[in-house]
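*Asks:* Let's see this in three dimensions:
(2 chains)
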Amino acid sequence: MLYFSKTKVLLIFLAIFFASFFALPNVFNQGQLSNFPSFVPSQKVNLGLDLQGGSHLLLEVDTKEIIKERIETLSFDLRKLLKKNDISTVNLRVLDESIAFSATELSELTIREIEDLSVSNTQNILQLSSKSNLVVEDNNGSISINFTDEFVKQAVLNAVNQSLEIVRRRIDELGTKEPSIQRQGSSRIIIQLPGLDEPERIKSLLGQTAKLTFQLVDQTTSYDPNNPKKIPIGSEALESDEIDGYRYIIKKRIMVGGENLVDAQPGFDPQTNEPIVSFRFDRIGAKKFGKATQDNVGKPFAIVLDDKVISAPVIREAILGGSGQISGGFDAEEANDLAILLRAGALPAPLIILEERSVGPDLGADSIAAGKYAAIIGFVVVIIFMMVIYRFFGLFADIALIVNLIMVLGILSLFQATLTLPGIAGIILTIGMAVDANVLIFERVKEEIRNGSSMINSVENGYKRALSTILDANITTLIAALILFFMASGPVRGFSITLAIGIFTSVFTAFTFTRFLISLYARRLKPSNVGL
Amino acid sequence: MKFNLSNTAIPFMSARLGGFIFSAILIILSFGSFFYSGLNFGIDFKGGTLIEIETTDEVNLADIRSNLNYLSLGDVQVQEFGSTKNILIRVEQQEGGDSVQQNVLEIVKASLDKNITTSISYRRTEVVGPKVSGELIQSGIIAIVVAVFAMLIYIWFRFEWQFSLGAVIALVHDVILTIGVFCFTQLEFNLPIIAAILTIVGYSMNDTVVVYDRVRENLRKHRSKPIDKLLDLSINETLSRTVITSVTTLLALVSLYIFGGSVIKGFTFAMIWGVVVGTYSSIFVASPFLKYVDIKRDWNTTSAVDSTK
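*Replies:* Numbers count the residues shown, from 1 in each chain, chains lettered A, B, ... in the order given. Sure, this is the predicted structure:
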């Protein structure tokens, strides 16, 4: 055990050298690092949001809305179909996840036609196969129509993927530095925004689905607050964005939607100097918009954003160029945000903020300073204690402890693992626990000496005997760290990372580096008294 | 300075009854405290809003409190946090699901900006909705149960079931006492405390394993020694290591507790408590337990040849 081959010694020192090499950037500032030659690593430890300041947002895609919207679209087509086939229905209800009604009798053919609706339905872009996406159940005349589970799953998946993409575009437009946007589970999105501790603007941008539509105003009637239910079929009452409490009656049919926009830019109206958003349609959009305006000259049409009427100008002449502008009493920043939203596209479903955690840069800096201070003091106290207890061997353990810390830092930098405040606590805990392996060995050596063994034999046997204990003892802590790693997220996960790295490095140093130092001491100096 | 725990012969086993009674009292107190006052859950587990602000001048907490109470947001707690210029505000979870929790932040910020005359900086804001807090409680409990179970299996695998049972009883003992101390002190129980408990589970196990390892070794060495004597011997032989490692760990943790800042004080407190309890339980719970179960006396694989001692 005490003899080390040259290769082994070389390997030990190589490991330590590489760890120090990767830990090195952490003692320099960014400016100095940029002057380093390129072969020198320049990556510092990756600080968590709780240390560098920033925001963490956990969003959930409101998947219920996705199915609800599809059911609504389906209900239009269904009504048309039933009318065409002269089927009279009783009590047709459009529910959140299904449509239900009573009818005298549905022929096989009608049922197949209903099932085919999902295939021909243009809004259901996603097509699993030529198979129907619908389940029609006829229970003695009471009929219910549901989407298949498979379809629902796929629709949710698509919506979440699309949301992820749109969230990314919206955040990129704001120019936040190094945002991280990730999907979590089936319908969640985690956003990490380093350096941004008051994410109000991002939250308001993400809080809007930004669904833009152009619809005609229903001029046959006007909204009656005393009789709010009195709305013609095929129309709906929508709030005005400009005038508080005012509602327009708007025809449900959509002339053109925001999905046909290719560009949107904020600007100012040259005449009124009012902030505006100018937009441009793609070919299909331009055609649709041109035709709709041509057919409805003299009538008002509504620009609807997220079920609110931004404005309802009168069409003076057909707009054939495929571009236009929106003005609606917003200020310059609102115009800018609206342009961002329109460019990035509409979310397929609303996003709900489930969790928000923001840390200001001051608190982060304070935490780093406090953590450093605590680490240094803990370190010095432990070093002194070990020297007092074990004298010369204590010194070896202390040198190993320093090597240990450098290795933890090196591994953290190399793998760009995130260091959090609990992570710093993990390092400090490691300082206390890392000496354990050495303590176990030294105590063994002492015992051997008491039993009358020679110095060299004692050291040799001490290491041999302590090995299984050290492994058992460290594996238990490692199990706890691993469970924590898989169960936790965020700062707490950072703790499990440093704890686990600390366990590995402390066992490694105890069995290689410290052992090497002690064997050198025992063989070269041949002390008659170990000094333990 | 002379430090020597190397040749001790402390009769731990004779004191075991005292240890059991002491532990039993603490466990009863923990349960009593749990049912009487319960845990003071932080927003991680209860949902709600937390805001930490720093002001340039001292402000009157009572004023802030009464201003915030006007907002009818339910239970609002305002307290100093580390210094007189750092204030922590907690607002309970609002009814109406996840989508309404965000409003609290805006309302409280608006009120603070209006009513506090000195300049304020927002150091930390956290909003946790009901969905997430429910999941965090669940995964916290699962994590602890899984950890204890994993230890049970590991020790069973490395020793035998009697040892694994003893170790797990000691672990459960430590977890109960840690939760008990949080009920008693009413310190905030949040996500990092779960991490601390898991670390305690690991640490306590670590200590127990070292003693058990020695017990197993001594079972091989001293075949006919009465189990009491053998356990005493094993605890005494490892005592020096147990104490030294606990002391170095405590030194590091106390340093973190004093200098590490207010944010992780609760976390560090839990771990300090856990190291003390975990060390105690390996000596006074896990080891004496082995006396009451019929542990295998013959660990030598060559036992057929050498059975005389």
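*Asks:* From chain B, how far off is the residue lying closest to A:N260 once chain neighbours are set aside?
*Replies:* Nearest residue to A:N260 in three dimensions, chain neighbours excluded: A:G285, at 2.7 Å (C-beta to C-beta, 6 or more residues apart in numbering or on different chains). C-beta coordinates here come from the backbone N, C-alpha and C atoms, glycine included. To chain B, A:G285 is 32 Å away according to C-beta to the nearest C-beta, to the nearest Å.
*Asks:* Helix or strand: which one has A:G285?
*Replies:* helix A:283-295 (DSSP states H and E).
*Asks:* Please name every helix or strand in contact with whichever helix or strand comes after that helix.
*Replies:* Following helix A:283-295 in sequence order, the next helix or strand is strand A:301-305 (DSSP H and E). Under the contact definition 3 or more C-beta pairs under 8 Å, 6 or more residues apart in numbering or on different chains; DSSP states H and E, strand A:301-305 sits against strand A:212-217, strand A:247-257, strand A:308-311.
*Asks:* Can you point out the buried residues in the last one?
*Replies:* Meaning strand A:308-311. A:V309, A:I310, A:S311 (16 or more other C-beta atoms under 10 Å in any protein chain shown).
*Asks:* got the residues you listed as TSV, with pLDDT and distance to A:E356 columns?
*Replies:* Below are the buried residues of strand A:308-311 laid out as TSV (pLDDT from 0 to 100; distance: C-beta to C-beta, whole Å):
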residue	pLDDT	distance to A:E356
A:V309	88	31
A:I310	84	28
A:S311	83	33
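*Asks:* With adjacent residues omitted, what lies nearest to A:Q219?
*Replies:* The shortest distance from A:Q219 to any non-neighbouring residue, by C-beta to C-beta, 6+ apart, is to A:K299 (6.8 Å).
*Asks:* Settle this for me: the one you found is touching A:R316, isn't it.
*Replies:* No - when contacts are counted by C-beta atoms under 8 Å, A:K299 is not listed as touching A:R316 (10.6 Å).
*Asks:* Looking at the two, which one has more neighbours?
*Replies:* A:K299 (12 against 9; other C-beta atoms under 10 Å in any protein chain shown).
*Asks:* Distance check, A:T221 against A:P313.
*Replies:* 20 Å (C-beta to C-beta, to the nearest Å).
*Asks:* Repeat that for A:I483.
*Replies:* Distance of A:I483 to A:P313, given as C-beta to C-beta: 62 Å.
*Asks:* what's the answer for A:L305, then?
*Replies:* In terms of C-beta to C-beta, A:L305 sits 14 Å off from A:P313.
*Asks:* between the two, which one's more packed in?
*Replies:* Counting neighbours by other C-beta under 10 Å for A:L305 and for A:P313 shows that A:L305 has the greater number, 22 against 14.
*Asks:* Return the residues in contact with the closest residue to that one other than its chain neighbours.
*Replies:* Using C-beta to C-beta, 6+ apart and skipping the chain neighbours, the partner closest in space to A:L305 is A:L212 (5.3 Å). Each residue near A:L212 by C-beta atoms under 8 Å, 6 or more residues apart in numbering or on different chains is listed here: A:G257, A:G258, A:L261, A:I303, A:V304, A:L305, A:L342, A:A346.
*Asks:* Reformat these into JSON lines and put pLDDT next to each item.
*Replies:* As requested, the contacts of A:L212 are exported to JSON lines (pLDDT from 0 to 100):
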{"residue": "A:G257", "pLDDT": "83"}
{"residue": "A:G258", "pLDDT": "81"}
{"residue": "A:L261", "pLDDT": "84"}
{"residue": "A:I303", "pLDDT": "87"}
{"residue": "A:V304", "pLDDT": "89"}
{"residue": "A:L305", "pLDDT": "85"}
{"residue": "A:L342", "pLDDT": "84"}
{"residue": "A:A346", "pLDDT": "82"}
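*Asks:* Select from the residues you listed the one having the most neighbours.
*Replies:* Going by other C-beta under 10 Å, A:V304 tops the contacts of A:L212 with 24 neighbours.
*Asks:* how about that residue, what does it touch?
*Replies:* A:V304 touches A:L212, A:T213, A:F214, A:Q215, A:L238, A:I250, A:I310, counting by C-beta under 8 Å, 6+ apart.
*Asks:* from the residues you listed, which is closest to A:I377?
*Replies:* When those are ranked by distance to A:I377 (C-beta to C-beta), A:L212 comes first, at 59.1 Å.
*Asks:* Tell me which residues touch A:I16, please.
*Replies:* If you count contacts by C-beta under 8 Å, 6+ apart, then A:I16 has A:V403, A:I406, A:M407, A:F513 around it.
*Asks:* pLDDT score for it?
*Replies:* Per-residue confidence at A:I16 stands at 89 (pLDDT).
*Asks:* Now name the helix or strand holding it.
*Replies:* Assigned by DSSP H and E, A:I16 falls in helix A:6-23.
*Asks:* for that helix, which positions count as buried?
*Replies:* Buried, per 16+ other C-beta under 10 Å, within helix A:6-23: A:I12, A:A15, A:I16, A:A19, A:F22, A:A23.
*Asks:* before we move on, what about stretch A:95-114?
*Replies:* A:S98, A:I99, A:A100, A:F101, A:A103, A:L106, A:T110, A:I111, A:E113, A:I114.
*Asks:* now swap in stretch B:178-188 and tell me
*Replies:* Buried, per 16+ other C-beta under 10 Å, within stretch B:178-188: B:T178, B:I179, B:G180, B:V181, B:F182, B:C183, B:L187, B:E188.
*Asks:* try stretch A:381-399
*Replies:* A:381-383, A:385-386, A:389-390, A:393-398.
*Asks:* contacting residues for the residue nearest to A:Y223 when sequence neighbours are not counted?
*Replies:* What sits nearest to A:Y223 in space, not counting adjacent residues and going by C-beta to C-beta, 6+ apart, is A:R247, at 4.2 Å. Counting by C-beta under 8 Å, 6+ apart, A:R247 touches A:Y223, A:P225, A:A237, A:L238, A:E239, A:S240.
*Asks:* Keep only those of the residues you listed that are in strands.
*Replies:* A:A237, A:L238, A:E239, A:S240 (DSSP state E).
*Asks:* Most neighbours out of those residues, which is it?
*Replies:* Result: A:L238 is most packed of the ones in strands among the contacts of A:R247 (other C-beta under 10 Å), 21 neighbours.
*Asks:* pretty sure that residue is touching A:V309, no?
*Replies:* Yes - between A:L238 and A:V309 there is a contact under C-beta under 8 Å: 5.2 Å.
*Asks:* list residues touching both of these two?
*Replies:* Contacts common to A:L238 and A:V309, judged by C-beta under 8 Å, 6+ apart, are A:Y248, A:I250, A:A302.
*Asks:* I'd assumed A:A23 was in contact with A:K44.
*Replies:* No - contact status for A:K44 versus A:A23: not in contact, 9.6 Å apart, counting by C-beta under 8 Å.
*Asks:* quick one: common contacting residues for the two?
*Replies:* Shared contacts of A:K44 and A:A23 (C-beta under 8 Å, 6+ apart): A:S413.
*Asks:* Now do the buried residues in stretch A:269-282.
*Replies:* A:P275, A:I276, A:V277, A:S278, A:F279, A:R280, A:F281.
*Asks:* from the chain's centre, how far out does stretch B:55-68 sit?
*Replies:* 34 Å (C-alpha atoms, centre = their mean, to the nearest Å).
*Asks:* which ones are touching A:D362?
*Replies:* A:G53, B:E54, B:S121, B:R123.
*Asks:* any idea how far the residue nearest the centre of chain B lies from B:Q186?
*Replies:* The residue lying closest to the centre of chain B (C-alpha atoms, centre = their mean) is B:I197, at 3.7 Å. As judged by C-beta to C-beta, B:I197 and B:Q186 stand 17 Å apart.
*Asks:* And A:P270, by the same measure?
*Replies:* When A:P270 is compared with B:Q186 (using C-beta to C-beta), they lie 65 Å apart.
*Asks:* picking that back up, how about CSV for the contacts of A:R247, with pLDDT added?
*Replies:* As requested, the contacts of A:R247 are exported to CSV (pLDDT from 0 to 100):
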residue, pLDDT
A:Y223, 78
A:P225, 76
A:A237, 86
A:L238, 87
A:E239, 85
A:S240, 85
